[in-house]
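Engineer: pasting the structure only:
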C-alpha cells in the first residue's frame, strides 16, 4: 500500500504550527464561542426576536464542518514511526492558493522590518573625486628669506700682517667709553684657532673693565616692517693671550632707536670663534619704515679683548 495519507499529515501539522494556520484554528474556536454566546442571547431575548427561521436556528446550533477529507486518513502503527522518513512535499503539492508561501520559502525582502539598507549620511565624508566638491585651499607660500647687505662684513678691508692691528673699522660706527678701544686685527695662528676665522682679519672690542665699554654698529638701507623677522649672526670669541679670556658680549637689533631683538652671553675662554645669532621679537607697525641697525657691545664689567668676524644679516617675510 502507498503511504500517501501519511504524507498529507505533515502539511496538516505544519499548517497548524505555522502562525497563519494557528490563526485559522483560533478563528474556528472564537467563532464557536461567539455562536454559543449568540444562542444564549437568543434564548434570553425569546419572542423579541422575529424573522428567525428554523433553518437559520439549526445552522447556528449545529454548524456544519466538512470532515470527510480526513475520514480516510491512515495513521501507521506506532512501532513503525521511527523507521519512516518524513516526506516533504513540493510547495505546489502543499499550497494551491499561495497564501502560505512563506512557510516553505520565506522571503526576507517582504518583511519591511528586515530592511537593512540605510540612507547615506549627508554629513559624512564626501567623495574626493566628486567634481562638485570645492578644491582645497592652496598651501601658504613658503617664507621668503632675504639677505641684508653689510659693508665690510668680515673686516678684511684693512691690511695687517700677523699680530698687527689698528683702531677703527672701515664701514662700521664705533662708540666707546673710558678705556674702550675698537679696531681690526690679524691674530695669527698663535693667538686663535685660525680655522674659525673667515679670511685673516677680525674686529676687536677692548676695554680694561669697571665702567668702560666699547661698541661696533652698522645701520642698513633695509627698513623695518612689522610682518618681518630680522636676524643677525656673528662669529664671536676670544684670543689666546693675557688680556683676552671669558669676555662678555651683547648683541642688539634696532628699528630706529628701538631695540627689537637682543642677546647676551660670554665667549667662554675658548681661544676661538663660534657663531651666535640674535633674532627680532618685536612686531610693531608703529616702527614701520625705521632703519635697521645691528650693534655688537663689549659691556661694562670685567672687560677684556672681544673678537668678532663674519657678520651675516637676514630678514624673513
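Structural biologist: Good, I have the coordinates. If you're wondering where the values come from, they're calculated on a predicted model, not measured in any experiment. Residues are numbered from 1 along each chain as shown.
Engineer: which non-adjacent residue is nearest residue 251?
Structural biologist: residue 278 (4.2 Å; Cβ to Cβ, 6 or more residues apart in numbering). In this view, the C-beta of every residue, glycine as well, is placed from N, C-alpha and C.
Engineer: Show the pLDDT at that neighbour.
Structural biologist: With respect to pLDDT, residue 278 scores 99.
Engineer: now swap in residue 77 and tell me
Structural biologist: 70.
Engineer: From the opening residue of stretch 189-207 to its closing one, how far?
Structural biologist: The first and final residues of stretch 189-207 sit 23 Å from each other (Cα to Cα, to the nearest Å).
Engineer: Also stretch 297-313?
Structural biologist: 17 Å.
Engineer: Which stretches in the stretch 151-300 of the chain count as strands?
Structural biologist: For the stretch 151-300 of the chain, the strands defined by DSSP state E, counting those that start in this stretch cover 165-167, 173-177, 181-185, 202-207, 213-223, 229-237, 248-255, 258-266, 273-279, 291-298.
Engineer: Please identify which of those strands is closest to residue 134.
Structural biologist: strand 229-237 (33.0 Å; Cβ to Cβ).
Engineer: Identify the single longest strand in the chain, thanks.
Structural biologist: If you go by DSSP state E, the chain has its longest strand at strand 304-316.
Engineer: Buried residues, it. List them.
Structural biologist: 304-315 (16 or more other Cβ atoms under 10 Å).
Engineer: just stretch 230-243 next, same as before
Structural biologist: Buried residues in stretch 230-243, defined by neighbour count with 16+ other Cβ under 10 Å: 230-239.
Engineer: Same question for stretch 280-294.
Structural biologist: Residues of stretch 280-294 classed as buried: 280, 287, 290, 292-294 (neighbour count, 16+ other Cβ under 10 Å).
Engineer: same deal with stretch 140-154?
Structural biologist: Buried residues in stretch 140-154 (16+ other Cβ under 10 Å): 148, 150, 152-154.
Engineer: quick one: which two of these are the most distant?
Structural biologist: Largest separation among these by Cβ to Cβ: 148 and 154, giving 14.6 Å.
Engineer: Touching stretch 192-205 from outside, list them.
Structural biologist: Applying Cβ atoms under 8 Å, 6 or more residues apart in numbering, the contact partners of stretch 192-205 are 154-156, 158, 160, 162, 165, 169, 172, 180-188, 214-216, 235, 237, 239-240, 270-274, 296-298, 305-310.
Engineer: hmm, back to that, JSON lines please, covering the strands of the stretch 151-300 of the chain and showing distance to residue 77.
Structural biologist: JSON lines is the format used below for the strands of the stretch 151-300 of the chain (distance: least, Cβ to Cβ, whole Å):
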{"stretch": "strand 165-167", "distance to residue 77": "134"}
{"stretch": "strand 173-177", "distance to residue 77": "129"}
{"stretch": "strand 181-185", "distance to residue 77": "130"}
{"stretch": "strand 202-207", "distance to residue 77": "125"}
{"stretch": "strand 213-223", "distance to residue 77": "117"}
{"stretch": "strand 229-237", "distance to residue 77": "106"}
{"stretch": "strand 248-255", "distance to residue 77": "115"}
{"stretch": "strand 258-266", "distance to residue 77": "112"}
{"stretch": "strand 273-279", "distance to residue 77": "107"}
{"stretch": "strand 291-298", "distance to residue 77": "117"}
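Engineer: looking at those, which is buried most?
Structural biologist: strand 202-207 (a mean of 26; mean count of other Cβ atoms under 10 Å).
Engineer: Skipping adjacent residues, who's closest to residue 302 in space?
Structural biologist: Closest to residue 302 by Cβ to Cβ, 6+ apart is residue 209, at 5.4 Å.
Engineer: ok, the one you found - how many residues close by?
Structural biologist: 13 (other Cβ atoms under 10 Å).
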